[in-house]
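> please work out how this folds:
(chains A and B)
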Amino acid sequence: GAVVSQHPSWVICKSGTSVKIECRSLDFQATTMFWYRQFPKQSLMLMATSNEGSKATYEQGVEKDKFLINHASLTLSTLTVTSAHPEDSSFYICSARDPARLNSNQPQHFGDGTRLSIL
Amino acid sequence: GENVEQHPSTLSVQEGDSAVIKCTYSDSASNYFPWYKQELGKGPQLIIDIRSNVGEKKDQRIAVTLNKTAKHFSLHITETQPEDSAVYFCAASLPLRSSYKLIFGSGTRLLVRP
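So this is what the prediction gives:
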């Protein structure tokens, strides 16, 4: 079945550092990917919709200059947390839809997440 | 916008018993309702889904029901096993004009006691 790979799975860095997280669709081409953030014992909150070849669409309250999204190919989207601070520590998860079914709802396939800890 | 409410937040059952998790949604335009299971430190895994033109769907021990009029849907797990212990999330998918975004419920922590 479809697989989404996320890298790295875990990162610890100092405050002020920028961190890049990669999301790859392994056996299908994804024109649309989604980025979520999940705090401990909470639900997944959608941050942005990543569209291949165009600008990402951010949800209300998400700083686009803080969370840079690049979707340069049909199999890769990246999320860069710029000048990260302790409050950015969270579990970041990506998902992808199979574009072969563009005109219908299809399951989103999720990566295994990236645990980001900012010291 | 769409809002999804999920109950209960925690559920403890004896092995072999059934577990039921309920969700309600607000946007009548939502037409796809997946359920995900999330284990500790992992991403969500799809376990079952249902579309708005269907009232019920079953896959072995797991079933989902949908009441479009009342805008609620439920997950039923029968003959629960300890490995069913996890956090379960319901979600509602907005239509094409919203890029099929998924709006998640708050999650249910299921504990199956051996």
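
> near chain B, which residues of chain A? Just list them.
Taking C-beta under 8 Å from any C-beta of the partner chain as the contact definition, chain A meets chain B at A:4, A:6, A:32, A:34, A:42-46, A:49, A:51, A:57, A:93, A:95, A:97, A:103, A:105-113, A:115. Heads up, the C-betas are built off the backbone N, CA and C, glycines and all.

> if any of those residues are buried, put those into a ChimeraX selection.
Filtering the residues of chain A next to chain B down to the buried ones (16 or more other C-beta atoms under 10 Å in any protein chain shown) takes a single ChimeraX command:
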select /A:4,6,32,34,43,44,45,46,49,51,57,93,95,97,105,106,107,108,109,110,111,112,113,115
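
> which of the residues of chain A next to chain B fall within strands?
A:4, A:6, A:32, A:34, A:45-46, A:49, A:51, A:57, A:93, A:95, A:109-110, A:115 (DSSP state E).

> distance to B:Ser52 for those - can I get that in a markdown table?
Shown next, in a markdown table, are these (distance: C-beta to C-beta, whole Å):
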| residue | distance to B:Ser52 |
| --- | --- |
| A:Val4 | 25 |
| A:Gln6 | 30 |
| A:Thr32 | 21 |
| A:Phe34 | 21 |
| A:Met45 | 24 |
| A:Leu46 | 21 |
| A:Thr49 | 22 |
| A:Asn51 | 25 |
| A:Thr57 | 24 |
| A:Ile93 | 26 |
| A:Ser95 | 21 |
| A:His109 | 21 |
| A:Phe110 | 22 |
| A:Arg115 | 35 |
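
> cool, thanks, signing off.
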